[in-house]
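> Build me a model from this:
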Amino acid sequence: MKRKKIKLKRNIKNFLILTIFIILATYTGWYLQRNDSLKNKQVNIEYKTVNTKKETSASMVMVGDALIHGTIYTRANRNANYNGYDFKPMLSHIKEITTNYDLAYYNQETILGGTELGLSTYPLFNSPYEVGDAFLDAGFNLVSLATNHTIDKGEKGVLNSRKYWNQKENVFAAGSYSSFEERDKVIINEVNDITYGFLSYTTYTNGLIVPTGKEYLVNVYNKDQVKEDIEKYKDKVDLLIVSMHWGTEYMTYPTEKQKEMAKYLADLGVDLIIGTHPHVIEPIEYIDDTLVIYSLGNFISSQVGVERLTGLMLSLNIKKEEYHGKTTISFDNIEGTLIYTDRNNGYIVYPYHKLNNNILNNYKSYYEKYSKIVTAYSDKVTVTPLEIN
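You can find the predicted model right below:
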């Protein structure tokens, strides 16, 4: 009997040990499985974080040459009631559009040397500072200063111009400088988390000689210098914009030299090339991922002929994508709006969709003609329809 009790106690003890062991084993298995599950979830979360695509964008608009003939600043003087110069009424219809963009570019064809140097017209231009005031008022914040007329008033004209632009806030003026130190300074701006650099060059100075040792007065295109300048920016900015004053006047298609320079700039990593100087519109195209606008034509001028009074206002969306540690820039919604300077009625610049036959007779046929030029090289570019109101 005593032996049976001992045996029973031993069996109970063994059963309890076995039960505890089973409970521990079950709990350990559950704990390990839960841990693995959490690790997997953590890995998945981390993987999703690494591979999340980050996108941001900015809007941009651009116009061509501000070619200020004597008749234009004379009219601006009347606008101001003989108390200075007021060019703002001339830009009123354009301001309605350009102030809606993050970046707005134009080419200051004529030097802003101010009235103290004596205003002058073709062939050696000098314009009042109020030209710049009007464009700033209209929202323009990227200004190209490298043109064939930059040194029309010599060193003094450039220094006056540079002093004017340096006193203005929130504007990036490039292509003409007061010293090598100013010229070589790397300026990086940012809009909507997109960093950008802006360079400007001209291939002409109309035979005027830039003083030796003062080459900073105007950026004359030189392949080696351009390469050096671009390399200073290439790895520091998301977007690199280069303005080129090039081509042949009054030619509605690019020359082989323009195409050669565009390919060179594209190979160096430039994202956007903006062309000026021909005074008429030329086509737009892509070279690999580089968008090339060969010529925006005149923005405002007193030149004769519809083709010289018609320019292009181009707008686009700059898209930045960050993925797997790599940043890419692309452009979409590329749309051209034709514009026209009414030289007979106060030099007011109109978008074509605001024209009528009283302002420009047969304007619809001109719209068709110049729209075909704009889109001749690329189906990614559209032109604003006349019916927009």
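> Please count neighbours and contacts with C-alpha atoms only from this point.
Noted.
> Please parse the chain into its domains.
Domain ranges of the chain: 1-52, 56-383, per automatic domain parsing.
> of all the ones you listed, which gets the most neighbours per residue?
Counting by mean count of other CA atoms under 10 Å, domain 56-383 has the highest mean neighbour count of these, with a mean of 19.
> C-alpha coordinates for stretch 208-216, PDB please?
Taking Å, rounded to 0.1, in the frame of the first residue of the first chain, the C-alpha atoms of stretch 208-216 are listed here in PDB:
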ATOM      1  CA  LEU A 208      32.800  95.500 -79.800                       C
ATOM      2  CA  ILE A 209      35.900  94.400 -78.000                       C
ATOM      3  CA  VAL A 210      35.600  93.300 -74.400                       C
ATOM      4  CA  PRO A 211      38.600  94.900 -72.500                       C
ATOM      5  CA  THR A 212      41.400  92.500 -71.800                       C
ATOM      6  CA  GLY A 213      41.400  91.600 -68.200                       C
ATOM      7  CA  LYS A 214      37.800  92.600 -67.800                       C
ATOM      8  CA  GLU A 215      36.200  89.600 -69.500                       C
ATOM      9  CA  TYR A 216      33.700  89.500 -66.600                       C
END
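> ok, and what's touching that stretch?
151-152, 176-180, 183, 217-218 (CA atoms under 8 Å, 6 or more residues apart in numbering).
> Serialize those to JSON lines and add fields for pLDDT.
Formatted as JSON lines, the entries for the contacts of stretch 208-216 read as follows, by pLDDT from 0 to 100:
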{"residue": "151", "pLDDT": "98"}
{"residue": "152", "pLDDT": "98"}
{"residue": "176", "pLDDT": "98"}
{"residue": "177", "pLDDT": "98"}
{"residue": "178", "pLDDT": "98"}
{"residue": "179", "pLDDT": "98"}
{"residue": "180", "pLDDT": "98"}
{"residue": "183", "pLDDT": "98"}
{"residue": "217", "pLDDT": "98"}
{"residue": "218", "pLDDT": "98"}
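> gap between residue 323 and residue 350?
42 Å (CA to CA, to the nearest Å).
> brain fart, residue 55
Look at residue 55 and residue 350: by CA to CA, they are 35 Å apart.
> what's the answer for residue 243, then?
For residue 243, the distance to residue 350 equals 24 Å [CA to CA].
> Ok, residue 159 next?
Taking CA to CA, one finds residue 159 at 33 Å from residue 350.
> Worst mean pLDDT among the domains of the chain?
For these, the weakest mean pLDDT is recorded on domain 1-52, namely a mean of 50.
> Can you tell me which helices and strands the helix or strand hosting residue 328 packs against?
Of the helices and strands defined by DSSP states H and E, residue 328 is found in strand 326-342. The helices and strands touching strand 326-342, judged by 3 or more CA pairs under 8 Å, 6 or more residues apart in numbering; DSSP states H and E, are strand 298-300, helix 306-309, strand 310-323, strand 348-351, helix 363-374, strand 381-383.
> The stretch 1-150 of the chain: helices as residue ranges?
2-50, 70-79, 92-98, 130-137 (DSSP state H, counting those that start in this stretch).
> no no, the stretch 151-300 of the chain
In the stretch 151-300 of the chain, the segments counted as helices under DSSP H, counting those that start in this stretch are 154-166, 180-184, 223-234, 256-267.
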